[in-house]
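Trainee: Sequence and predicted structure below; questions after.
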Amino acid sequence: MGFAMRLNFVDVVVDNSLKNYYVDGQKMGYTFDIRLSYYRGHFLSVIDEFGIRVDGRDISNDVIKFCINGKEFSPNEFDKCYSEFWRVLDPATIRVFCPGGLEEGRHDIDVTLFFRSPYMPVGDNHQYMPVDSCGSKSMDITD
């Protein structure tokens, strides 16, 4: 991606939000929260690029759920989520299916999140300002 506007309003990865999650007593994966580093919310359909990397390993979108407004979506569905609004003050929970979860200790979380700002046209052919809302954080997880 070429130029992208960057506004650092908040840390994208929310402090102390990394946790393992359980289903029927079995550790099935982990969760953490993210926020938009922008001054207004947006519909999920404007997200052009989304990715998660944990401890240097890319996580497949097939095992990620993006949870917001009491619903969950696969990042592969974002282009169809034109009526699902992510409010700027509301964190989204990222849930990763990973049987066994993460081991106790420190983990590096990297989030790639680029979206287009639909009210800021740039150039011809319905192009809009790309916005960089990426973030990284090292966090501890304990069970």
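Mentor: Looks like it came in fine. Numbering: from 1, shown residues only.
Trainee: contacts and neighbour counts: CA atoms only from here.
Mentor: Fine.
Trainee: Which residue ranges of the chain form strands?
Mentor: Secondary structure of the chain (DSSP state E): strands located at 5-6, 19-23, 26-34, 42-43, 47-54, 57-59, 64-68, 71-73, 85-86, 92-97, 105-121, 128-132, 135-141.
Trainee: Export the ones you listed as TSV, with columns for mean neighbour count and mean pLDDT.
Mentor: Shown next, in TSV, are those (neighbours: other CA atoms under 10 Å; pLDDT from 0 to 100):
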stretch	mean neighbour count	mean pLDDT
strand 5-6	14	56
strand 19-23	17	96
strand 26-34	19	97
strand 42-43	20	92
strand 47-54	17	96
strand 57-59	12	98
strand 64-68	19	98
strand 71-73	13	97
strand 85-86	16	96
strand 92-97	22	98
strand 105-121	16	87
strand 128-132	20	78
strand 135-141	17	95
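Trainee: Looking at these, spot the one closest to D79.
Mentor: Closest approach to D79 among those (CA to CA): strand 47-54, 7.4 Å.
Trainee: Same list (the strands of the chain) but as a markdown table, adding distance to V13.
Mentor: A markdown table is the format used below for these (distance: least, CA to CA, whole Å):
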| stretch | distance to V13 |
| --- | --- |
| strand 5-6 | 16 |
| strand 19-23 | 13 |
| strand 26-34 | 5 |
| strand 42-43 | 18 |
| strand 47-54 | 11 |
| strand 57-59 | 16 |
| strand 64-68 | 13 |
| strand 71-73 | 18 |
| strand 85-86 | 15 |
| strand 92-97 | 10 |
| strand 105-121 | 8 |
| strand 128-132 | 14 |
| strand 135-141 | 6 |
